[in-house]
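Undergrad: what follows is a predicted protein model with its sequence.
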Amino acid sequence: MHSNRTVTEDRLKRVLDERIRPAVYPQSVPLDIGIWNAPGEPVPVAEGLVAPRTPIETGEPWGPPWGTSWITVTGVVPDEWAGRTVEALLDLGFDENMPGFQCEGLVYRADGSPVKGLNPRNQWIRIGAPVAGGESVELHIEASSNPVLLDYHPFLPTDLGDTDTAGDEPQYKLARMDLAVFDPTVWELVQDLEVLGGLMAELSTDSPRRWEILRAVERSLDAVDLQDVGGTAAAARERLAEVLAAPAHQSAHRISAVGHAHIDSAWLWPLRETVRKVARTISNMTALLEEEPEFVYAMSQAQQYAWIKEHRPEVYARVKKAVAEGRFVPVGGMWVESDTNMPGSEALARQFVHGKRFFLEEFGIDTEEVWLPDTFGYSAALPQIVKQAGAKWFLTQKISWSETNKFPHHTFWWEGLDGTRVFTHFPPIDTYNAQLSGKEVAHAVRNFQEKGSATRSLAPTGWGDGGGGTTREMLAHGKRLADLEGSARVVFETPSAFFEKAHAEYPDAPVWVGELYLELHRATLTSQARTKQGNRRSEHLLKEAELWAATAAVRVGFRYPYEDLDRIWKTVLLLQFHDILPGSSIAWVHREAEAKYAAVAGELERIIGDAQAALAGDPAAGTSVLFNAAPHTRSGVPAGGAVVAVPYTGAPVTAAPREGGGFVLDNGLLRVAVDQRGLVVSVYDTAAGRETIAPGSAANLLQLHPDFPNRWDAWDVDTFYRNTVTDLTDVDILELDAVGGAAAAVRVTRGFGSSRVEQVLTLRAGERRLDIATEVDWHETEKFLKAAFPLDLHADRTAAETQFGHLYRATHTNTSWDAAKFEACAHRFVHLEEPGWGVAVVNDSTYGYDVTRTVRPDAETSLTGGTTTTVRLSLLRAPRFPDPHTDQGTHRFRYALVPGAAIGDAVREGYRINLPERRVPGGTAVAPLVSVDHDAVVVTAVKLADDGSGDVVVRLYESGGGRARARLTTGFAMASATVCDLLERPTGEAATRGSDVELALRPFEIRTLRLSREA
């Protein structure tokens, strides 16, 4: 037989596009249109419904950037349409390729009840099925003219990302606004042909099944009268019935489709617009649930539920009803789908505390799966946090975006840094916006790496990022793919149903140990420095506020601010969303984040100040009290306690001129040489008799790189950035800033490009630490600023702090997996060591870092002269998309070099730089509420229990990576001690002895204790 395959396939495409799809709506009449442009920000629904309208025609422009227009359409169903299905087609000027990334709308009835959302892939509103004819139609659209920022030529700088710079030029033209007859038979024919055409294209040309489908499609197209599609659609469908009825093979892969709309809580739109995106999507999904009994929809992010509850109660009522029916499924158990690299220990734990508690209180549901499809890598601390929050499954697909190495598993056990394992699935469909197309389903089957051992995968199905959710077309595809020869079997079911079956069939799945590092989007560890600094500061202020408020409540009856702390935590958790904290959102989002962080800091400083004032005693005592919120004793001040301050009486720190220029600082522990360029050329550890800085090198060297990645400007830094570097060595001012007494300091000022930097290098008495305070007035574009510390140290790995511990990464590039980690995340410290001696670099607000090493030639022989291992902190970037003015202005950083540091010293110094002592007028020392007798056991939280019982809750962890036996002693009469999960729910009794609790901790183990006080 001669082949006419391509002819038939081309015929199918043209006939579908030009004849059959248009025939879904064979008759239409225009609607009358009126518009009201709301001034400024969105208005309440009641106000928008009654605002006066101005007539507008299709084709006319509407909508300035970020504006809201209330559009009313009215009309009458023609009498001759009686008995037909009628829909309103409402096209705001959509581009069907941009669902969630352009204008959108939410349709209301005249009584204010929501109907459904409008987006480029969902433009219809059902009027009646059937209609009687003569019905009046009145619909009101709350239309958002969100500008297109990620266009067909992506990543171009634009000022549209902020109302301050976006202007008022209309962004859209009204398109079709009609009442139309909907022909369900033609629509079903479209779905038949789309599914078969998609499947056919994925089958081998050697496959008999492909040819069976081809011949059936050919016969179906022959049956279509192109001048009477509606009259012949049923006959065309009959000719497809046999191939659509052929069952799937017994061994066919099984796909659990889950209705979903991954909605970014902010990204290329502000937080306030996300509230409306969620309302639109939920309205569509609850409507679809009512129409489709087999449909299941899953939604994560408790914050988004809370928004709808507060701002759109009429929509939330539909959610409550659908959840109670069991097909609208809360998932994830987190307040938002947060970044997981940068949030601190307590913050990541509180994501689960507040998320799971919301779902429990609102719906009585204790979520068991963690749902993070789009976060930029996953911390090795997560498995233990997940388990201690009462969850047991984990899902993401983001690692499929890695550019270097293909991850070897799709279903596996993920083992965290403490040894905890969680059953994990990566959907092989490689998208969280699946449409259940033939191409996607076939890719999932081919891509699935557990063939022969497992048979199931999950497909998050629906338009996401900007919302939209599942469509009726996707459901139609799913029904046809439920049992179809040549395809995977598709069924809509809940995530928990999938995980139960997947776990049951594959209990001995392979194990992946350590972080899930995304080999992409590494620059999100640095972009938008103010957002990152706001996060770090807020986390530590919250720790202090809880600690001192709890201490004051127990000691002096201070009112513990439960409601304030709850609200502030939720604000900080929201700002950890995976496009806010990573710095990948529009200018509006980061401007708003900076304002929120400032407000948070003000409130927390007030709480801390009030609590400390209540504890410190008489402010007229003529003395001051030093408070230490860090988890280790320092300068004689116990962890979590306070002492009356005494003047420094020790030996002064000396400062002397250096031969050749510069200065030498000496405190008896370290001798620091700063040369004439203001660079640190020597840090000599007196006790160890050892130099820290590599020969011929200089530390605290600021280095500037060009930074123009191939794509994803705010997200990415590509390896070639290292090919070009400028060392900033020109100095404008070099002078002593402080001499003698408890500290000596050198001030260095230098200019570069359009920017300026001032640094103060301080050596303090009694400290093996060189503190560096850096202020940068930054006005560069597409540049990357780093601070380099070349160390005379041979180490094949670094320890980088993460939540509740640290993880090791290679300093070499032996494998492609090692080489891909050329930029990585550290919290408060990076530590390197040779046996017996190490160095830590600690910081108060940076996250990105890199480590490289070179071998030095010996100056006098051909032998190796030693290894230089260089640690660099990433300080600032200047990408131009999506915020064209990223990080312009003044920034302040504090970091420090700690020679002779063991891992415990790195932990201690990391906390110290982030939790400085506070000096408060008064004369009363404060004993800690709790104390621990083992330095490796770190207390991360001391607070009162969230239930208002007055119990003291303590969370702690083993920080050194070894086992620890310790005793926790309370500074109050304790009635009992209970081991709890992160939500403060009891899991067992603790071993107690009077006011002591005996602890035996595994490496990096987290322990939460609930301590009830004697009456």
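TA: Yep, that arrived. Numbers count the residues shown, from 1 in each chain.
Undergrad: tell me how far the closest residue to I1006 other than its chain neighbours lies from R809.
TA: In space, I1006 comes closest to Y957 once its chain neighbours are excluded; the distance is 4.7 Å by CB to CB, 6 or more residues apart in numbering. For glycine as for every other residue, the C-beta is placed from the backbone atoms N, C-alpha and C. Here Y957 is placed at a distance of 20 Å from R809 (CB to CB, to the nearest Å).
Undergrad: give me the more crowded residue out of these two.
TA: Set Y957 next to R809 and count neighbours by other CB atoms under 10 Å: Y957 wins out with 24 against 19.
Undergrad: mind listing what the more buried one touches?
TA: Contacts for Y957 (CB atoms under 8 Å, 6 or more residues apart in numbering) come out as S345, F804, G805, V937, V938, T940, L1001, F1004, E1005, I1006, R1007.
Undergrad: what is the burial count for the fourth one?
TA: By that I understand V937. There are 22 residues near V937, going by other CB under 10 Å.
Undergrad: point out where the stretch 701-850 of the chain drops to low pLDDT.
TA: Across the stretch 701-850 of the chain, nothing is flagged by pLDDT under 70.
Undergrad: longest helix in this protein, please.
TA: Looking across the chain with DSSP state H, the single longest helix is helix 587-616.
Undergrad: next one: the helix or strand V953 falls within to chain centre, how far?
TA: Using DSSP states H and E, V953 maps to strand 952-958. Here strand 952-958 is found 25 Å from its chain centre; the criterion is CA atoms, centre = their mean, to the nearest Å.
Undergrad: give me the next element, helix or strand, following it.
TA: Next along the chain from strand 952-958, counting by DSSP H and E, comes strand 964-970.
Undergrad: please pull out the lowest mean pLDDT helix or strand from the protein.
TA: strand 991-993 (a mean of 80; mean pLDDT, DSSP states H and E).
Undergrad: show me what whatever helix or strand comes next after that one is packed up against.
TA: Where DSSP H and E defines the elements, the next helix or strand beyond strand 991-993 is strand 996-1001. With contacts defined as 3 or more CB pairs under 8 Å, 6 or more residues apart in numbering; DSSP states H and E, strand 996-1001 has these neighbours: strand 952-958, strand 964-970, strand 991-993, strand 1006-1013.
Undergrad: list the neighbouring strands of the shortest one plus their orientation.
TA: Spelled out, it's strand 991-993. Strand 991-993 pairs in its sheet with strand 996-1001 (antiparallel), by DSSP bridges.
Undergrad: how close does the residue nearest in space to the middle of the chain sit to L518?
TA: Nearest to the mean C-alpha position of the chain, by CA atoms, centre = their mean, lies H578 at 1.9 Å. Note on H578: its distance to L518, by CB to CB, is 11 Å.
Undergrad: return every residue with contacts to both of the two.
TA: Common neighbours of H578 and L518, using CB under 8 Å, 6+ apart, are F376.
Undergrad: circling back: quick one: which of the helices and strands packed on strand 996-1001 is nearest A389?
TA: Distance to A389, taken as CB to CB, is lowest for strand 1006-1013 among the helices and strands packed on strand 996-1001, at 10.5 Å.
Undergrad: immediately after the longest helix of the chain, which helix or strand?
TA: By DSSP H and E, the next helix or strand past helix 587-616 is strand 624-628.
Undergrad: mind exporting that following strand as PDB, just the C-alpha atoms?
TA: The C-alpha coordinates for strand 624-628 follow below in PDB (Å, rounded to 0.1, in the frame of the first residue of the first chain):
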ATOM      1  CA  SER A 624      23.000  48.400  82.000                       C
ATOM      2  CA  VAL A 625      22.100  44.800  81.400                       C
ATOM      3  CA  LEU A 626      23.600  42.700  78.500                       C
ATOM      4  CA  PHE A 627      21.100  40.300  76.900                       C
ATOM      5  CA  ASN A 628      22.300  37.300  74.900                       C
END
